[in-house]
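# Dropping a prediction and its sequence here:
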Amino acid sequence: MKRKFMVVENFFGNFEQIKNEFKNIPRFDYYNHPFVKPKLKEMKERQKETGQGFFWPGTRSEDLKKGDKFLTALFLKEFEDKMGGFFNEKLSFMLYTHLRLESDKAQDFPHKDSPDAVYSLLVYLSDTNLKSGTRLYDDIGNEVADIKFVQNRALLFSSEYTHEAINNHGTDQNDGRLTLNAFWNNRNNMEK
């Protein structure tokens with residue numbers, strides 16, 4: 001798979017009408033997340049075997065496909081309209097909101113997404129903060145891209161990239177680093 005990435009401005013065409021909806025979605029820390037908590041022992045074993053962990057700093061919602069059909073459908077429409085030609089594989093996806101605060105900075109680290117992820121996407125939902133963003137790296141640690149945190153900007157990239165959140169900020173969902181995260185996976189590797 002060739003590594004590539006794409007940036008799209010104004011991902012949601014009606015962002016002003018929906019931006020506060022993302023703030024109201026319940027989120028959980030890693031250890032209390034409904035997907036992680038029952039599988040924590042299994043995930044720790046996998047980490048020992050493979051050396052790959054799944055920890056994320058901050059708080060994350062459940063997969064929006066399970067509870068928010070409207071935002072999921074809107075996301076798919078906007079994705080297809082603006083980024084639909086990025087990949088042609090038949091993949092399943094998971095969709096979350098993710099909040100990282102200034103207090104989460106110390107826990108953040110360069111990483112690759114789940115070993116099952118093929119493509120990853122971020123939509124920056126909070127107010128623009130040009131001191132924040134996402135950096136992509138090649139396999140030897142050279143910076144490939146530094147994408148600034150601009151509200152309603154989307155970044156889609158091959159999950160093979162090592163990447164990291166830059167400058168988590170704020171104290172709550174009103175001023176923190178709130179993103180919409182999508183992960184595309186091979187169908188047989190999806191969460192049940």
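Received, thanks.

# Could you say which helix or strand holds residue 71?
Using DSSP states H and E, residue 71 sits within helix 69-83.

# helices and strands around the next helix or strand after that helix, which ones?
Tracing the chain past helix 69-83, the next element assigned as helix or strand by DSSP H and E is strand 92-100. Counting contacts by 3 or more CB pairs under 8 Å, 6 or more residues apart in numbering; DSSP states H and E, strand 92-100 packs against strand 59-60, helix 64-67, helix 69-83, strand 177-185. For the C-beta atoms, the positions are set from N, CA and C on the backbone; glycine is no exception.

# Let me have the ones you listed in CSV, adding mean neighbour count, mean pLDDT and distance to residue 31 as columns.
Shown next, in CSV, are the helices and strands packed on strand 92-100 (neighbours: other CB atoms under 10 Å; pLDDT from 0 to 100; distance: least, CB to CB, whole Å):
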stretch, mean neighbour count, mean pLDDT, distance to residue 31
strand 59-60, 22, 96, 11
helix 64-67, 16, 92, 20
helix 69-83, 15, 96, 25
strand 177-185, 23, 96, 18
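
# Please name every helix or strand in contact with the helix holding residue 71.
When contacts are defined as 3+ CB pairs under 8 Å, 6+ apart, helix 69-83 sits against strand 5-8, helix 15-23, helix 64-67, strand 92-100, strand 154-158, strand 177-185.

# Now do it against strand 154-158, angle only.
Angle of helix 69-83 versus strand 154-158, following axes from the mean of the first three to the mean of the last three CA atoms, to 10 degrees, is 70 degrees.

# how far is helix 69-83 from where the chain is centred?
In terms of CA atoms, centre = their mean, to the nearest Å, the centre of helix 69-83 is set 15 Å apart from its chain centre.

# Stretch 98-113 now?
11 Å.

# Could you give the separation between the terminal residues of that stretch?
Using CA to CA, to the nearest Å, the end-to-end distance of stretch 98-113 comes to 14 Å.

# Likewise for stretch 123-141?
24 Å.

# which residues are in contact with it?
Applying CB atoms under 8 Å, 6 or more residues apart in numbering, the external contacts of stretch 123-141 come out as 5, 11-12, 19, 22, 97, 110, 122, 143-155, 157, 161-170, 175-180.
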